[in-house]
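[1] got a predicted model here, sequence first, then my questions.
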Amino acid sequence: MNGFRGGLAGWLVLGTVGFSLAMGCALPKKAESPGPVREVVSDERAPLEWARGERWFVLVKRSCRTVSVYRKGEWMRTYHDISFGRNPGDKLYEGDRKTPLGLYRMVGRRRHPRWSRFILLDYPNLRDREVHRAARAAGLVPTGPGSQIGIHGSDEPILNRGGVDWTYGCVSLLDEDVRELYSTVPPGTLVLIED
């Protein structure tokens, strides 16, 4: 692990709230004509100075329903129409239908017959295991932390476009978007999932 990643882990603990407030996202705008209109806040495309040391970086914002891709800290692309786990909050155990929050790494990838492409994340990571272990000791969880969390396509694009959270904890993009992400971003890329 290079110095940047060690620094990023510390930043996550201390600075997630400040970062969230600094980054913009697509916000609804009152429509003067029929149909939805979205206004993109310019902060979405602002460079991530702290990510300049990373060849690629993916930022998932649940509150904005976006997945943004950065190359050496420079914004490259943002995907919309994202779905998450059916239940709100941070993933704690297998079957809770929540999407985890935190810093992950893309560790595997494959074509998928139902979801076009599947990009596996390293969930549960050390932090997830420690939180789960403490919750298990307190009798708060019925099962293990779970696994096989990733980024994949959708066999029900109408749900993604409608803002319906339907997954068991994964991040779902439209098929054409996950194919592009899959072919662009290499294994080993860091993925930050935040509210």
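    On my side now, so go ahead.
[2] please save the CA atoms from the longest strand seen in the chain in CSV.
    With residue count as the measure and DSSP state E as the assignment, the chain has strand 102-112 as its longest strand. Extracted in CSV, the C-alpha atoms of strand 102-112 (Å, rounded to 0.1, in the frame of the first residue of the first chain):
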residue,chain,number,x,y,z
GLY,A,102,-16.7,2.8,2.7
LEU,A,103,-13.6,2.4,0.6
TYR,A,104,-13.4,-0.8,-1.5
ARG,A,105,-11.2,-2.2,-4.3
MET,A,106,-12.4,-3.8,-7.6
VAL,A,107,-11.1,-7.4,-7.2
GLY,A,108,-12.8,-9.4,-9.9
ARG,A,109,-15.0,-9.1,-12.9
ARG,A,110,-17.0,-11.3,-15.2
ARG,A,111,-19.7,-11.3,-17.8
HIS,A,112,-23.1,-12.1,-16.2
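[3] that one - contacts with which helices or strands?
    helix 3-22, strand 116-121, strand 150-152, strand 190-194 (3 or more Cβ pairs under 8 Å, 6 or more residues apart in numbering; DSSP states H and E). Glycine gets a C-beta too; all of them are placed from N, C-alpha and C.
[4] who's in contact with that strand?
    Residues outside strand 102-112 that contact it (Cβ atoms under 8 Å, 6 or more residues apart in numbering): 8-9, 12, 58, 90, 117-123, 125, 127-128, 149-153, 182, 185-193.
[5] any idea which residue is closest to the centre of this structure?
    For the chain, V60 is the residue whose C-alpha lies nearest the centre (Cα atoms, centre = their mean; 3.2 Å).
[6] which residues does F57 contact?
    Contacts of F57 (Cβ under 8 Å, 6+ apart): 48, 51, 69-71, 73, 189-192.
[7] got a quick ChimeraX command for the buried subset of the residues you listed?
    Applying 16 or more other Cβ atoms under 10 Å to the contacts of F57, the buried members can be selected in ChimeraX as follows:
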select :48,51,69,70,71,189,190,191,192
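[8] need the contacts of F57 in TSV with pLDDT and distance to D81, can you?
    Shown next, in TSV, are the contacts of F57 (pLDDT from 0 to 100; distance: Cβ to Cβ, whole Å):
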residue	pLDDT	distance to D81
L48	92	23
A51	93	24
V69	97	15
Y70	97	20
R71	97	22
G73	96	25
T189	98	21
L190	97	23
V191	98	18
L192	97	20
